[in-house]
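[1] Sequence and predicted structure, then a few things I'm wondering about:
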Amino acid sequence: MAAVTDDFAKKCQVKQNETLGRFVIALGNIRAGETLLLEEPILVLPHAGDRRCSKCFKLTEEFCRKCHLLALCGDCSEHDERDCKRLSDLKLSEEQVLLLQEKKHSEVQSALKCILLREHLETQPLYEEISQMENQLTARRGTDIWKNNQEHAYNPLEKSGVLKQLNSEANEDLVQGLLGMLDVNAFEIRAPESGGSMRGLYRRAGLYPHSCMPNLVTAIDDERRIKVYANRFIAAGEILYNCYTNILLGTDERRHILKAGKCFDCTCSRCQDPTELGTHMSSFVCSNCACPGGYIVRQPETGTWQCLMNPEHTLKQEFVANMLERAKEEIFHARDDIYRLELLLAKLSRLLHGNHYLMLDLKQNIASILRQILQNMAHRPNKKVYERKIRLCQEILLVLKVLAPGISRLKAIALYELANTQAELARKLYSEQEQSARDLLVELDETEVMMRESLRMLLFEPLATPEGQLSRNMLRELKELKNDIKLLQEPNDDVVH
Ligand SMILES: C[S@@+](CC[C@H](N)C(=O)[O-])C[C@H]1O[C@@H](n2cnc3c(N)ncnc32)[C@H](O)[C@@H]1O
């Protein structure tokens, strides 16, 4: 059963208006880092197209041998007893079972799990709550996703007779509404296999509206518990915003994801600003302008791509779309190949602003390959490798400082990467006698400041997350760093005095 901390009731108030539907405001002032909500999921479900064990959530093609309808892997012997009994009591024929078990009808599982909440006294209040969640039924009607859900969830449930057996009043809108509610409200959570993901539905966490400049951070731990905390000071009465997309995407991409998945147009300050708060994350270089600042941006009111220096210099939307598509394809093909990625970065820098989201994507890819090279001492990386990674981390951080001015996981990790690489380089140069003890001390002092700043942000993350673990490792690294600094200070004091 979903457990909710009292914090939500004490610190948040649910309101409603025409634009946002239900939303949440701060009841009183909230400190940066303060927890607003800790809750367990009501439901954990696979993404559409996947089938996962109802007990351990591993991918599986097997079903429970008793109820025959809910997935259960070979390693698990039972799932929710009440659901199993309710479905077993339907006494389904082999034909009904085979239809509902078809691989392509994977969304049957998610729809059934929502419908089953209504079947037990203890979970009926949860069913009432999920029925009130936004499902965007009108906006989704007739869309491809609607047709897909019709074919792979509603039709098999209806044709098999199971839908009416469970709820005589159930119809197309009920099934579509439940699946829409999941798309609009569920959070992406880590799946048991490395790199995999699935969906978690929470009672309260989905109530926070979206902004591309949020004042909240959400973190989901290995137990799938969600923690929501403030990323900055929030004054009483302010709307509490979560971010439903990746902040390192350009405005068109973020808005497209929000429109397609959550059916609304974001009107936040970043979406309204063609320069994206001066970061230029979607800007093109104006080839007609020799002057610096000759960047072509998309004007939100007209949708036209115009140069900031000379509005007569424009790009056609079709050219922009094609160019970005081609660049994405090239990035995809260059993945894991650092030379191709570097070449592509140089080539695209003639067309795109250095902070364009595709350039940042390339920079992140390159930095991640450099991290692997630096971790493997057998590669004997030279000074240039360290310097390149430092430069890339600095460039990424500059953008993150604007987009996520408060507590931010992404910023903390980029800062850690920068600090770590800078310290490693300083140590290498010192051991190769290219740098004095005094220079090493200056570098390590600077590294300590960055590490502390990164740690201050990561300590708000739940322990049972990769970031929470990183913060614990950082505590150890910081201790070692302080020891090194202390050791260096002793002989240095002699030199100084
Ligand atoms: C996860 S739900 C949030 C809770 C929802 N408002 C409710 O009443 O249940 C997401 C939905 O809230 C609305 N919403 C959230 N943020 C919004 C925003 N910035 N602008 C407009 N609508 C927003 C949209 O209808 C969206 O589909």
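    Structure's in. What do you need?

[2] Which residue would you name as the spatial centre of this protein?
    Taking CA atoms, centre = their mean, the centroid of the chain lies closest to Asn246, which sits 5.5 Å from it.

[3] residues contacting that one?
    Arg254 (CB atoms under 8 Å, 6 or more residues apart in numbering). For glycine as for every other residue, the C-beta is placed from the backbone atoms N, C-alpha and C.

[4] Show the backbone phi and psi for it.
    Backbone torsions of Asn246, given as degrees, to the nearest 10, read phi -80, psi 120.

[5] Contact residues of the protein facing the ligand?
    Counting by CB under 6 Å from any ligand atom, the positions of the chain adjacent to the ligand are 19-23, 133-134, 136, 184-185, 206-207, 209-211, 262-264, 266.

[6] again, 8 Å this time
    Counting by CB under 8 Å from any ligand atom, the chain comes close to the ligand at 16, 19-23, 132-134, 136, 184-185, 206-211, 241, 244, 258, 262-268.

[7] Among these, name the ones in strands.
    Residues of the residues of the chain next to the ligand located in strands (DSSP state E): Gln16, Gly21, Arg22, Phe23.

[8] okay, now the residue in the stretch 101-250 of the chain that the ligand sits nearest to: neighbour count?
    For the stretch 101-250 of the chain and the ligand, the shortest gap (CB to the nearest ligand atom) falls at Pro209, measuring 3.3 Å. When counting by other CB atoms under 10 Å, one arrives at 21 neighbours for Pro209.

[9] Check Ser431 too.
    For Ser431, using other CB under 10 Å, the count is 10.

[10] Quick one, grab the pLDDT at it.
    With respect to pLDDT, Ser431 scores 94.

[11] low-scoring stretches of the stretch 201-350 of the chain, by residue?
    Counting by pLDDT under 70, the stretch 201-350 of the chain contains no low-confidence range.

[12] residue ranges for the helices of it, please.
    In the stretch 201-350 of the chain, the helices defined using DSSP state H, counting those that start in this stretch lie at 251-262, 269-272, 317-334, 338-348.

[13] Would you mind giving those helices as JSON lines with mean neighbour count added?
    Shown next, in JSON lines, are those (neighbours: other CB atoms under 10 Å):
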{"stretch": "helix 251-262", "mean neighbour count": "17"}
{"stretch": "helix 269-272", "mean neighbour count": "16"}
{"stretch": "helix 317-334", "mean neighbour count": "13"}
{"stretch": "helix 338-348", "mean neighbour count": "16"}
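
[14] Format these as CSV; extra columns: distance to Asn420.
    Formatted as CSV, these follow (distance: least, CB to CB, whole Å):
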stretch, distance to Asn420
helix 251-262, 30
helix 269-272, 30
helix 317-334, 26
helix 338-348, 19
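
[15] so which of the ones in strands among the residues of the chain next to the ligand is the most crowded?
    Going by other CB under 10 Å, Phe23 tops these with 18 neighbours.

[16] give the contact list for that residue.
    Val14, Lys15, Gln16, Asn17, Leu207, Tyr208, Pro209, Ile239, Leu240.

[17] how many neighbours does the fourth one have?
    Taking other CB under 10 Å as the criterion, the count of residues near Asn17 is 10.

[18] and the gap between it and Leu459?
    The gap separating Asn17 from Leu459 is 35 Å, by CB to CB, to the nearest Å.

[19] Same question for Gln435.
    Counting by CB to CB, the gap from Gln435 to Leu459 is 32 Å.

[20] Likewise for Ser77?
    Taken as CB to CB, the span from Ser77 to Leu459 is 40 Å.

[21] how about the strands of the stretch 301-450 of the chain, start to end?
    Secondary structure of the stretch 301-450 of the chain (DSSP state E, counting those that start in this stretch): strands at 305-307, 314-315.

[22] Which neighbouring elements make contact with the first one?
    Under the contact definition 3 or more CB pairs under 8 Å, 6 or more residues apart in numbering; DSSP states H and E, strand 305-307 sits against strand 295-298, strand 314-315.

[23] For the longest one, give me every contacting residue.
    What that stands for is strand 295-298. By CB under 8 Å, 6+ apart, strand 295-298 touches 251-252, 274-275, 280, 282-286, 304-308, 313-315, 320, 353.

[24] Just the buried ones among these, please.
    Buried residues within the contacts of strand 295-298, counting neighbours by 16 or more other CB atoms under 10 Å: 251-252, 274-275, 280, 282-286, 305-308, 313-315, 320, 353.

[25] ok, Ser77 and Leu459, which is more surrounded?
    Ranked by neighbour count (other CB under 10 Å), Ser77 and Leu459 place Leu459 first, with 17 against 9.

[26] So the nearest residue to the more buried one once chain neighbours are set aside versus Leu98, what's the distance?
    Spatial nearest neighbour of Leu459, chain neighbours left out: Ser471 (5.4 Å); criterion: CB to CB, 6 or more residues apart in numbering. Noted for Ser471: a distance of 50 Å to Leu98, by CB to CB.

[27] Those two - which one has more neighbours?
    Ser471 (21 against 12).

[28] Surely the more buried one and Leu455 touch.
    Yes - taking CB atoms under 8 Å as the definition, Ser471 is a contact partner of Leu455 at 5.9 Å.

[29] Local confidence estimate at the nearest residue to Arg388 once chain neighbours are set aside?
    Among residues not flanking Arg388 along the chain, Leu370 sits closest, at 6.2 Å (CB to CB, 6+ apart). Listed pLDDT for Leu370 reads 97.

[30] Around Leu370, how many other residues sit close by?
    A total of 21 residues lie near Leu370 under the criterion other CB under 10 Å.

[31] Same question for the one 10 residues further on.
    The criterion is other CB under 10 Å. On that basis, Arg380 has 8 neighbouring residues.

[32] Same check on Asn215?
    22.

[33] Give the closest residue to Leu315 in space, chain neighbours not counted.
    Trp305 (4.0 Å).

[34] Please apply the same query to Thr275.
    Val297 (5.8 Å).

[35] what helix or strand is Glu453 on?
    According to DSSP states H and E, Glu453 maps onto helix 437-458.

[36] And the helix or strand following that helix, how far out from the chain middle?
    Heading C-terminal from helix 437-458, the first helix or strand you meet, by DSSP H and E, is helix 466-496. For helix 466-496, the separation from the chain centroid amounts to 32 Å (computed by CA atoms, centre = their mean, to the nearest Å).

[37] mind listing what Asp222 touches?
    Arg190, Ala464, Thr465.

[38] in stretch 44-60, what's buried?
    Buried, per 16+ other CB under 10 Å, within stretch 44-60: 44-48, 50-55, 57-60.

[39] Fine, thanks again, bye for now.
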